[in-house]
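Engineer: Would you be able to build a 3D model of this:
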Amino acid sequence: MPDLTTTYLGLALKNPLVASASPLSRHIDTARRLEEAGVGAIVTYSLFEEEITRESFELDHYLELGAHSYAESISYFPDLDTYSVGPERYLEHLEQLKEAVSIPVIGSLNGVSSGGWVEFAQRIEDAGADALELNIYYLPANPQLTAAELESSYINLVRDVRDEISIPIAVKLSPYFTSLPNIAQRIVEAGADGLVLFNRFYQPDFDLDALGVTPNLQLSTSDELRLRLRWIAMLYGRVKADFALTGGVHDGRDIVKAMMSGAQVAMTASELLAHGVARVTRMLSELTEWMEEHEYDSVTQLRGCMSQRAVAEPAAFERANYLKVLGSYTRPMSGR
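Structural biologist: Next up is the predicted model:
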């Protein structure tokens, strides 16, 4: 039997499959079933900056305009009143989760600005969280706001949160940076222990009947894995952090690919929301079966074997492979 154990953010996990931030963690019974099905850890649903401060726009305003858009909050919680349980209730729920399961529980804070609200990270630590996932994203609409200014605000936020807590911090990023390796390195230098790649963002749609902009959540597919694989494979060994792959993990082979790229863990939510918690057991069985078939003894042996540093053709991850990819496409004959 292959050894599936791994470590993430200094935490010992029985396997690399983690339930990512989603509505699944809102119910204690579901969390218990996730543990029974086999997940290695659970990331709680996010507590939003707006829920703590109440000083900026309402979350439903952001959902409507698309200024702050997170897949875990769309459709399931269409406005602040429906989504929010309040900061105090969040802490109570976190404490109950810790009492209900024996696997690591990772808290989640979702915000973009430095300020008094980041002190809440300390209260999440006090509530028993084993680590904190800091979910940062801002969609800039102001032409006067430079990329450098926005990136600096992210760095300051990570540094401020690091000053508040001693538990490990993972920062969940989007792929939308001019130089992702640079911002990743700076975030780690600011105090992050891990990087979660990538956020899945809600994209608004146009309702042609109501003539309005509407939220429209689409669950992920395995096709989304490629962007994550590419960047983790390129950053692995260059940025000294633990990597979590999230977005597009739907079966055991997806977990294998995540490990090969260099990830410590593979996070999933869409597959479980669509097909139920029991899918965890099947995904882990598929992982084990693949490792046995290909004679891998452990997840550690898998990790990073397909990273850019390890493969025979490192250029496959970069622009040098662009023409080769385009040239590999063959269009079926139309018959005309």
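
Engineer: Would you mind measuring the gap between the ends of stretch 2-20?
Structural biologist: Using CA to CA, to the nearest Å, the span of stretch 2-20 from its first residue to its last is 24 Å.

Engineer: An error on my part: the question was meant for stretch 38-45.
Structural biologist: The first and final residues of stretch 38-45 sit 19 Å from each other (CA to CA).

Engineer: neighbouring contacts of that stretch?
Structural biologist: Stretch 38-45 has contacts (CB atoms under 8 Å, 6 or more residues apart in numbering) with 6, 8, 11, 13-26, 31, 34-35, 72, 90, 93-94, 97, 101, 103-108, 129-130, 133, 265, 267, 280-281, 284. No exception for glycine: its C-beta is placed from N, CA and C like everyone else's.

Engineer: From those residues, list the buried ones, please.
Structural biologist: Members of the contacts of stretch 38-45 that pass the buried threshold by neighbour count (16 or more other CB atoms under 10 Å) are listed as 6, 8, 11, 13-26, 31, 34-35, 72, 90, 93-94, 97, 101, 103-108, 129-130, 133, 265, 267, 280, 284.

Engineer: Next step: those restricted to helices.
Structural biologist: In helices, defined here by DSSP state H, the members of the buried ones among the contacts of stretch 38-45 are Ala31, Leu34, Glu35, Tyr90, His93, Leu94, Leu97, Val280, Leu284.

Engineer: Quick check: the two most widely separated of these?
Structural biologist: The most widely separated members of those are Tyr90 and Leu284, with 29.3 Å between them, by CB to CB.

Engineer: Going by distance to Ile232, which of the ones in helices among the buried ones among the contacts of stretch 38-45 wins?
Structural biologist: Taking CB to CB as the measure, Ile232 lies nearest Leu284 of those, at 20.5 Å.

Engineer: my read: the closest one touches Leu17, true?
Structural biologist: Yes - the pair Leu284 and Leu17 passes the contact test of CB atoms under 8 Å, sitting 6.1 Å apart.

Engineer: what touches both of the two?
Structural biologist: By CB under 8 Å, 6+ apart, Leu284 and Leu17 have these common neighbours: Gly38, Ile255.

Engineer: Can you list the buried residues in the lengthiest helix in the chain?
Structural biologist: Determined from DSSP H, the single longest helix within the chain is helix 147-164. By 16+ other CB under 10 Å, the buried positions in helix 147-164 come out as Glu151, Ser153, Tyr154, Ile155, Leu157, Val158, Arg159, Asp160, Val161, Arg162, Glu164.

Engineer: so where do the strands sit in the stretch 201-336 of the chain?
Structural biologist: In the stretch 201-336 of the chain, the strands defined using DSSP state E, counting those that start in this stretch lie at 205-207, 212-214, 242-246, 265-268.

Engineer: could those strands be laid out in TSV, adding mean pLDDT and distance to Arg228?
Structural biologist: Formatted as TSV, the entries for the strands of the stretch 201-336 of the chain read as follows, by pLDDT from 0 to 100; distance: least, CB to CB, whole Å:
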stretch	mean pLDDT	distance to Arg228
strand 205-207	85	24
strand 212-214	84	27
strand 242-246	98	5
strand 265-268	98	9
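
Engineer: out of those strands, deepest packed?
Structural biologist: Mean neighbour count, computed with mean count of other CB atoms under 10 Å, is highest for strand 265-268 among the strands of the stretch 201-336 of the chain, reaching a mean of 30.

Engineer: residues in contact with that one?
Structural biologist: 6, 8, 13, 16-20, 40-41, 43, 196, 242, 244-247, 249-250, 254-255, 258-259, 283.

Engineer: list the contacts for Arg279?
Structural biologist: For Arg279, the residues meeting the contact criterion (CB under 8 Å, 6+ apart) are Ala37, Glu271, Leu272.

Engineer: ranking the residues you listed by neighbours, who comes first?
Structural biologist: Each of those was scored by neighbours using other CB atoms under 10 Å; the highest score is Leu272's, at 23 neighbours.

Engineer: what's the spacing between that residue and His294?
Structural biologist: 26 Å (CB to CB, to the nearest Å).

Engineer: try Leu284
Structural biologist: Here Leu284 is placed at a distance of 16 Å from His294 (CB to CB).
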